[in-house]
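Engineer: structure for the following, please:
(chains A and B)
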Amino acid sequence: AQSVTQLDSHVSVSEGTPVLLRCNYSSSYSPSLFWYVQHPNKGLQLLLKYTSAATLVKGINGFEAEFKKSETSFHLTKPSAHMSDAAEYFCVVSEGDTGRRALTFGSGTRLQVQP
Amino acid sequence: DTAVSQTPKYLVTQMGNDKSIKCEQNLGHDTMYWYKQDSKKFLKIMFSYNNKELIINETVPNRFSPKSPDKAHLNLHINSLELGDSAVYFCASSHSRNQETQYFGPGTRLLVL
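Structural biologist: You can find the predicted model right below:
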């Protein structure tokens, strides 16, 4: 089974500074990886996804992630944090046979943005 | 227009009761899912349906019974509710050709007293 590990349960940054949310995956083959965001009391929104095309993936709201096979990592970054980025972020891997795919979520990283 | 909608948004009930959560998607997808998010924010797949057929059925108590009357709807019925059922339940949908890209509903917050 594939899995993802989010290395930080909580990250706090100041507005305007860079954001780094770390994620490592375990997989016996090239996985499909995603980052989802959940704002307080809201549903889940897809930020970006990697499906074996370009290793640097650009998402919405200025976020991007780089797939590094040698490090089995898929860290999420943003050059400059905004107050509206405060939310819970989930690193996700897709697993299962064709027709039986499901998403396996990491434990989440809460991003706090200080003014 | 809401793509994936769930009702109710909040549900507070007593132990032992039976309750249902409804999910509808207007995206034309043929696969739908139920996920459970516990108090520690951990999200886990419960069920998936493709064209009204049960595809994934994770280790979930049989008190939970999903029902898909058509491709656009996937309801979750829970019998004999227990305290541990308190969680946020998310519905999602996708195309069977692209099950990796799933669209989530806003969640239903269930509190069992």
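
Engineer: and the one helix or strand B:Q99 maps to, anywhere near chain A?
Structural biologist: Assigned by DSSP states H and E, B:Q99 belongs to strand B:98-104. Yes: for a cut-off given as Cβ under 8 Å from any Cβ of the partner chain, strand B:98-104 has contacts with chain A, namely B:99-104. C-beta here means a position set from N, CA and C on the backbone, and glycine is covered the same way.

Engineer: ok, then the element right after that strand?
Structural biologist: Next along from strand B:98-104, by DSSP H and E: strand B:108-112.

Engineer: so what strands line up beside that following strand?
Structural biologist: strand B:10-13 (parallel), strand B:87-95 (antiparallel) (DSSP bridges).

Engineer: dump the shortest one to PDB, restricted to CA.
Structural biologist: What follows is the C-alpha trace of strand B:10-13 in PDB, where atoms were taken according to Å, rounded to 0.1, in the frame of the first residue of the first chain:
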ATOM      1  CA  TYR B  10     -24.800  19.700  10.600                       C
ATOM      2  CA  LEU B  11     -26.400  16.800  12.400                       C
ATOM      3  CA  VAL B  12     -26.700  16.400  16.200                       C
ATOM      4  CA  THR B  13     -28.400  13.300  17.500                       C
END
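
Engineer: any buried residues in that strand, and which?
Structural biologist: Residues of strand B:10-13 classed as buried: B:11, B:13 (neighbour count, 16 or more other Cβ atoms under 10 Å in any protein chain shown).

Engineer: list the contacts of it.
Structural biologist: For strand B:10-13, the external contacting residues (Cβ atoms under 8 Å, 6 or more residues apart in numbering or on different chains) are B:19, B:21, B:81, B:108-113.

Engineer: also the last one?
Structural biologist: Under the contact criterion Cβ under 8 Å, 6+ apart, strand B:87-95 has outside partners A:43-44, B:3-4, B:6, B:21, B:23, B:25, B:27, B:29-39, B:43, B:74, B:76, B:100-105, B:107-110.
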